[in-house]
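Enquirer: no sequence for this one, just the structure:
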């Protein structure tokens, strides 16, 4: 059994030895690491070449910059594993995680999707562990349904927390949607979960996500993803439409929250609000109903920021609805 781990890389020189090293520390010869250098302008490629000289299991693809979806697709095309996993270049796997994944895939036979938990490491030394709720689901469709019932389960939606059978990927002709620049995992994982018949969850945190000190506004301009996922779920998932809508709108309000309380930038907030209201919520036909899902503290903070911006002459009036 062969496992391919795809690592998209763009200017991650400082973390490559840790991230790639967490893979190559596993001595299993069935491991293939496909590192896709997506047009890095730092010395990422030099570090990759140095690592590849020491371990022949590391294969390097060097391409022009096209974004993370493009890089992952190039990795899928070049990989030869029976199963495919993903690692972001600034994260890493826990010690013995790859060996644990190998053991599970060998024991299970013909599993479509393997899912596992993760650890978030913060710069101040704090960490948190995320697992699925009690009574783990038995198939991918159940994962999909339970995620949208909960609405806040961070375990779902990241390709990096899955290993997917090559057979399933090929059968679906599945690739990451290059139209989506952020949150590109959500559509991909929704598709594999919906199609999987044999699913397994490892109740262990095997992946370590390095939590950035500050999340920037650009990381939350993701409404194109929500619109595409919304259309897919309504068409294919069989989930109640109202459930899908409420979760998608929850995602929008979360983005607005981060823009206000982390970036504290009223001009950028206005831009995000207009994208959310005019493009995404209008497509749902739920623009006015946004007030049902928008926490009041976000709403009133937004009103304050917009009022402040208008007083300074930077922000014009927007169609923000009253929250009662």
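Expert: Sure, I can see it. Values in this document were obtained by computation on a predicted structure and should not be read as measured data.
Enquirer: Only C-alpha atoms from now on, for both contacts and neighbour counts.
Expert: OK.
Enquirer: Name the helix or strand for residue 205, please.
Expert: strand 199-210 (DSSP states H and E).
Enquirer: Buried residues, that strand. List them.
Expert: Within strand 199-210, the residues scored as buried using 16 or more other CA atoms under 10 Å are 199, 200, 201, 202, 203, 204, 205, 206, 207, 208, 209, 210.
Enquirer: Of all pairs in the residues you listed, which one is the farthest apart?
Expert: Maximum pairwise distance among the buried residues of strand 199-210 (CA to CA): 26.8 Å, between 199 and 210.
Enquirer: Run through the chain and note the low-pLDDT ranges.
Expert: By pLDDT under 70, the low-scoring segments of the chain are 124-125, 132-138, 145-156, 182, 212-224, 226-227, 243, 245-324.
Enquirer: Phi and psi next, for residue 175.
Expert: Residue 175 has phi and psi values of phi -140, psi 170 when expressed as degrees, to the nearest 10.
Enquirer: contacting residues for it?
Expert: 73, 76, 169, 188 (CA atoms under 8 Å, 6 or more residues apart in numbering).
Enquirer: go again using 10 Å as the cut-off
Expert: Shown in contact with residue 175 (CA atoms under 10 Å, 6 or more residues apart in numbering): 69, 70, 72, 73, 74, 76, 77, 169, 187, 188, 191.
Enquirer: circling back: got the buried residues of strand 199-210 as TSV, with distance to residue 163 columns?
Expert: Formatted as TSV, the buried residues of strand 199-210 follow (distance: CA to CA, whole Å):
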residue	distance to residue 163
199	10
200	10
201	10
202	11
203	14
204	14
205	14
206	12
207	12
208	15
209	16
210	20
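Enquirer: Could you find the closest non-adjacent residue to residue 106?
Expert: residue 1 (7.2 Å; CA to CA, 6 or more residues apart in numbering).
Enquirer: which residues in the stretch 101-250 of the chain form helices?
Expert: 140-150, 166-172, 184-195, 223-236, 241-258 (DSSP state H, counting those that start in this stretch).
Enquirer: Of the contacts of residue 175, select the buried ones using a ChimeraX command.
Expert: Only the buried entries of those go into this ChimeraX selection, using 16+ other CA under 10 Å:
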select :69,70,72,73,74,76,169,187,188,191
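Enquirer: end to end, how far does stretch 21-40 reach?
Expert: Start and end residues of stretch 21-40 are separated by 19 Å (CA to CA, to the nearest Å).
Enquirer: Likewise for stretch 85-98?
Expert: 10 Å.
Enquirer: Please point out which parts of that stretch sit buried.
Expert: 85, 86, 87, 88, 89, 90, 91, 92, 93, 97, 98.
Enquirer: Relative to residue 53, which of the residues you listed is nearest.
Expert: Looking across the buried residues of stretch 85-98 and measuring by CA to CA, the closest to residue 53 is residue 89, at 18.9 Å.
Enquirer: Verify the stated contact: the closest one with residue 16.
Expert: Yes - using CA atoms under 10 Å as the test, residue 89 is close enough to residue 16 to be in contact (6.2 Å).
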